[in-house]
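Colleague: Sequence and predicted structure are below.
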Amino acid sequence: MTDLAYGEAFPHSTPPLEIQERKALELVVHGIIQGVGFRPFVYRLAKKFKVCGSIANTGQGVIILAEGAPADLDRFIRALTSEAPPLARISSVSQQETDCVRDRASFTILKSRASDTPSTMVPADIALCDECRQELLDPADRRYRYPFINCTNCGPRFTIVESIPYDRPGTSMAPFPMCPSCQAEYDNPDNRRFHAQPNACHVCGPQISWHARTGEQLTSSEPQTANGSVSPDSRHDNEYPLTETIKALNDGLIVAIRGIGGFHLVVDASSETAVTRLRERKHRKSKPLAVMMADLEMIGSFCHLTPAASKTLTSPAHPIVLLARRETSLLAPSLAPGMGELGVMLPYTPLHHLLFATAGCPKALVMTSGNHNGEPLCAGNHEATSRLGSIADFFLLHNREIVTRIDDSVIRVMQERPRCLRRARGFAPSSVALSHDLQAALPPLLACGSAQKNTFCLVQENKAYVSQHIGDMVNIESLDFFKESIYHVQSMLKLTPQLIVCDLHPDYLSSAYGRGLAIELNIPRILVQHHHAHAVAVMAEHGLKDPVLAIVLDGTGLGSDGTIWGGEILEVSLTDFTRRGFLDPLPLPGGDAAAHQPWRMGLAALHHAGEDALFKSNLPVSMQGIPNDKRAAILTMIQTRLNTPLTSSCGRLFDAVAALLGIRLDSEFEGQAAMELEALCAWTEDKEEKAVERPESWLAEISHRDELFIIENKPFIRWMLHEIQKGTAAVQLAMDFHRWLIASFACAVQHIAETSPIRTIVLAGGCLQNRIIMEGLFQALEQNGFQVYTGEEIPVNDGGISLGQAVIGGLRYVSGSTHESY
């Protein structure tokens with residue numbers, strides 16, 4: 001091993017070390033400490049406190065040999081955690097005394113060392129920092145308008161890493177040798193770019209290029225500067241692609257732009273024509289489109305900003321944040337039809353900042369995932385021109401390879417706290433540290449997650465690595481992305497699973513993959529009930545170990561009794577659960593088809609409530625347009641139970657109410673009816689009409705059968721139909737439904753609490769993405785003396801299920817119990 005010493009030995013004003021009391025320690029630091037400027041920070045601390053020794057990145061963490069006077073060592077160790085770089089997350093520092101080396105007189109940075117079982121993961125990708133942004137826009141700086149400027153405080157990490165420890169040869173920057181100027185920065189511990197692995201400039205780094213939809217590169221006859229004048233300096237060749245991109249956007253065209261973790265499809269967000277064209281070509285009728293704006297001031301002119309939302313938007317992750325849209329907004333109406341909120345983000349790469357800094361750039365840009373519906377995000381240049389050529393008019397490409405494709409993360413601020421709805425860029429692959437008493441228990445394992453909003457989870461030692469958002473597992477392309485991502489993270493961690501954990505549902509692609517892998521590796525496979533996994537994911541995130549009550553509200557999941565669940569109250573431990581209550585089941589005509597056609601659930605609710613839905617005159621006006629033959633066919637299915645299981649699903653109850661109120665009869669995407677029902681309730685200072693709270697409509701009716709509490713919905717459905725006939729506004733009835741649901745679950749929990757000592761409740765499931773439901777349940781339950789938890793960085797939707805599966809399956813494995821208890 002070659003030592004890389006930077007700088008001369010520290011000058012000491014104190015007596016020589018050989019005549020002082022000396023002490024030597026080996027420190028092992030774990031956490032997110034590679035790629036965040038930790039080594040130069042430690043080097044400077046050592047210099048400050050006159051500590052000699054060395055530091056090295058290894059697969060087992062960062063190892064520091066520190067030698068000096070005991071008092072200096074104490075100050076050095078305290079400063080390691082109290083003054084750590086802002087992006088570092090230190091999870092532990094272990095230390096043991098070692099022998100002093102008499103002639104050690106300086107602090108040395110060693111080459112990184114690989115490990116058979118790495119315990120340190122690379123950090124997530126980080127948005128451009130303020131210092132780099134200033135240099136990017138400074139004409140006097142050598143990186144002026146360079147699209148790939150970065151430092152140890154920002155830039156790509158996870159998306160460029162092929163192996164760990166995190167060093168340039170193991171990244172997609174390996175093909176770009178540094179020029180002398182960049183190398184000097186890289187080698188200088190006092191420089192902000194010391195060991196910044198993606199370090200580059202105009203001379204030696206990646207470049208952007210402009211292409212036709214066929215993939216053919218288009219070039220300017222003359223290189224240009226930022227102001228359009230001719231320049232002999234080839235470093236300004238980047239200007240042509242930038243100016244052409246802005247021209248295309250202003251012409252209403254679609255540009256596919258290669259980013260940090262994949263492609264975006266980009267149009268002018270103020271152009272209804274451009275947005276409509278994008279929707280038509282992508283076959284995305286109404287699913288909301290995310291928008292990027294230059295700064296907080298611009299966002300505030302289009303949306304309502306709170307301090308918590310502003311803080312989240314400007315955090316190192318720079319995620320998409322859902323914000324209430326101003327009524328006076330001049331953005332295209334079809335960006336998020338039927339929704340009260342808009343997904344907004346700030347520029348997070350140098351290329352994004354350059355687009356907004358180029359003359360004529362629209363004030364807001366649609367930045368939606370570069371893929372066809374149901375397919376993974378495009379990452380490679382050839383892949384994109386092949387798959388997206390039918391959508392995009394032009395391509396803005398670059399030649400730095402994307403090792404790991406990753407979507408933008410999505411956050412919703414609720415209770416003034418950021419709640420992650422899609423965990424991806426800026427968060428993955430950071431691990432969840434499991435509770436101390438589980439550290440030695442869980443074997444290396446793979447949890448395969450759910451069918452929708454899939455993530456997987458790998459466990460090694462005391463860390464659970466929840467993957468980036470994979471998406472809905474609906475086709476071979478999504479399965480390939482799933483397998484590719486598992487292989488990559490397994491390779492980095494050098495992890496061989498001893499256990500596979502899957503959802504109880506046998507038809508999920510993720511479960512089928514897990515079944516095949518367990519057979520291939522000849523290792524055990526454990527099946528975990530869907531809603532149990534939801535609840536334990538929240539428990540694991542918050543370090544809860546004692547039994548809790550869980551309210552789990554989502555679409556559908558296979559129950560332990562073979563029926564379809566989704567509106568549950570469970571008594572939960574980390575390995576087992578007991579069902580304590582649920583929503584009165586509704587018929588689910590056509591099974592999964594009902595999730596795409598809420599009108600089916602509307603008819604099911606009418607039949608369930610004892611209403612004759614066969615005659616058109618008995619239907620709410622909203623449903624009278626359903627053809628007689630379709631209506632008769634569905635009612636026959638319900639009456640004969642033909643392909644019509646019963647379900648306690650909260651999501652399907654939302655669909656039924658949305659259909660009865662005329663909000664949504666057919667859905668393009670999962671959860672659309674429920675989202676629009678919530679949006680109808682939402683109000684801002686711009687709106688004059690809002691629903692009032694009507695206590696009489698909240699009255700919960702709870703029945704008790706076979707030691708289970710059933711939330712009766714027939715009385716509410718009948719009452720709502722009566723209100724519809726009276727002409728009560730849909731906005732009022734939508735709010736009434738939310739309040740009734742909150743009151744009903746709070747009441748059921750109170751009944752259960754009369755015979756249970758448990759006072760801790762977790763809230764989980766996709767319906768808890770609904771702000772009214774989540775905040776309303778928190779308020780009602782806390783007022784009744786319960787301590788309430790829900791997901792924060794780990795999504796409450798199916799994106800968090802893999803974490804719950806991992807904990808349940810791992811603990812069952814070590815206890816010898818391999819089956820779900822019913």
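Modeller: Arrived safely.
Colleague: Domains of this structure: list them as residue ranges, please.
Modeller: For the chain, the domain assignment from automatic domain parsing gives the residue ranges 3-110, 208-412, 427-545+798-815.
Colleague: need those domains in a markdown table with mean pLDDT and distance to N770, can you?
Modeller: All C-beta atoms are positioned from the backbone trio N, CA, C, and that covers glycine. Listed next are the domains of the chain as a markdown table, based on pLDDT from 0 to 100; distance: least, Cβ to Cβ, whole Å:
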| stretch | mean pLDDT | distance to N770 |
| --- | --- | --- |
| domain 3-110 | 80 | 31 |
| domain 208-412 | 93 | 10 |
| domain 427-545+798-815 | 94 | 15 |
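Colleague: Most tightly packed of these?
Modeller: Highest mean neighbour count of those: domain 427-545+798-815, a mean of 22 (counted as mean count of other Cβ atoms under 10 Å).
Colleague: okay, how far is it across it, tip to tip?
Modeller: 32 Å (Cα to Cα, to the nearest Å).
Colleague: ditto for stretch 761-774
Modeller: Start-to-end span of stretch 761-774 (Cα to Cα) is 12 Å.
Colleague: from the chain's centre, how far out does it sit?
Modeller: 16 Å (Cα atoms, centre = their mean, to the nearest Å).
Colleague: what do you get for stretch 762-782?
Modeller: On Cα atoms, centre = their mean, the centre of stretch 762-782 falls 19 Å from the chain's centre.
Colleague: so how far is I149 from the nearest residue to W210 once chain neighbours are set aside?
Modeller: Distances taken as Cβ to Cβ, 6 or more residues apart in numbering place P241 nearest to W210, at 3.9 Å, with adjacent residues excluded. Applying Cβ to Cβ, to the nearest Å, the value for P241 to I149 is 16 Å.
Colleague: follow-up on the earlier one: pretty sure the residue nearest to W210 sits in a helix.
Modeller: Yes. Under DSSP: H, G, I helix; E, B strand; the rest coil, P241 falls within a helix.
Colleague: Is it in contact with T219, as I believe?
Modeller: No. Using Cβ atoms under 8 Å, P241 is not in contact with T219, being 9.3 Å away.
Colleague: Report the set of residues contacting both of those two.
Modeller: W210 (Cβ atoms under 8 Å, 6 or more residues apart in numbering).
Colleague: CA atoms only: put the helix or strand hosting M367 into CSV for me.
Modeller: Using DSSP states H and E, the element containing M367 is strand 364-369. The C-alpha coordinates for strand 364-369 follow below in CSV (Å, rounded to 0.1, in the frame of the first residue of the first chain):
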residue,chain,number,x,y,z
ALA,A,364,-41.1,27.2,-15.3
LEU,A,365,-40.2,23.9,-17.0
VAL,A,366,-42.1,20.6,-16.9
MET,A,367,-39.6,18.0,-15.8
THR,A,368,-41.3,14.6,-16.0
SER,A,369,-39.6,11.2,-16.0
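Colleague: Report the contact partners of Q452.
Modeller: D472, M473, G555, E670, D798.
Colleague: pretty sure the first one contacts G374?
Modeller: Spelled out, that is D472. Yes. Look at D472 against G374 with Cβ under 8 Å: they come within range, at 6.8 Å.
Colleague: on that earlier part again, what's the spacing between the residue nearest to W210 and L351?
Modeller: Separation of P241 from L351 (Cβ to Cβ): 10 Å.
Colleague: so what sits against both of these two?
Modeller: What both P241 and L351 touch, as defined by Cβ under 8 Å, 6+ apart, is the set I208, L396.
Colleague: Now do the SS call for V42.
Modeller: With three-state DSSP as the basis, V42 sits in helix.
Colleague: I figured it was touching S54, is that so?
Modeller: No. Between V42 and S54 there is no contact under Cβ under 8 Å: 9.9 Å.
Colleague: Out of the domains of the chain, which is closest to N153?
Modeller: Proximity to N153, assessed across the domains of the chain by Cβ to Cβ, is greatest for domain 3-110 (6.2 Å).
Colleague: What ranges does the stretch 301-450 of the chain have for its helices?
Modeller: 307-313, 350-357, 381-388 (DSSP state H, counting those that start in this stretch).
Colleague: picking that back up, and for V42 and S54, which residues touch both?
Modeller: I64.
Colleague: want to try CSV for the helices of the stretch 301-450 of the chain, with distance to D666 as columns?
Modeller: Below are the helices of the stretch 301-450 of the chain laid out as CSV (distance: least, Cβ to Cβ, whole Å):
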stretch, distance to D666
helix 307-313, 32
helix 350-357, 36
helix 381-388, 27
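Colleague: Out of the ones you listed, the one nearest R631 is which?
Modeller: Closest among the helices of the stretch 301-450 of the chain, using Cβ to Cβ: helix 381-388, at 40.3 Å.
Colleague: what's the closest one packed up against?
Modeller: Applying 3 or more Cβ pairs under 8 Å, 6 or more residues apart in numbering; DSSP states H and E, one finds that helix 381-388 contacts strand 255-258, strand 263-268, strand 394-398.
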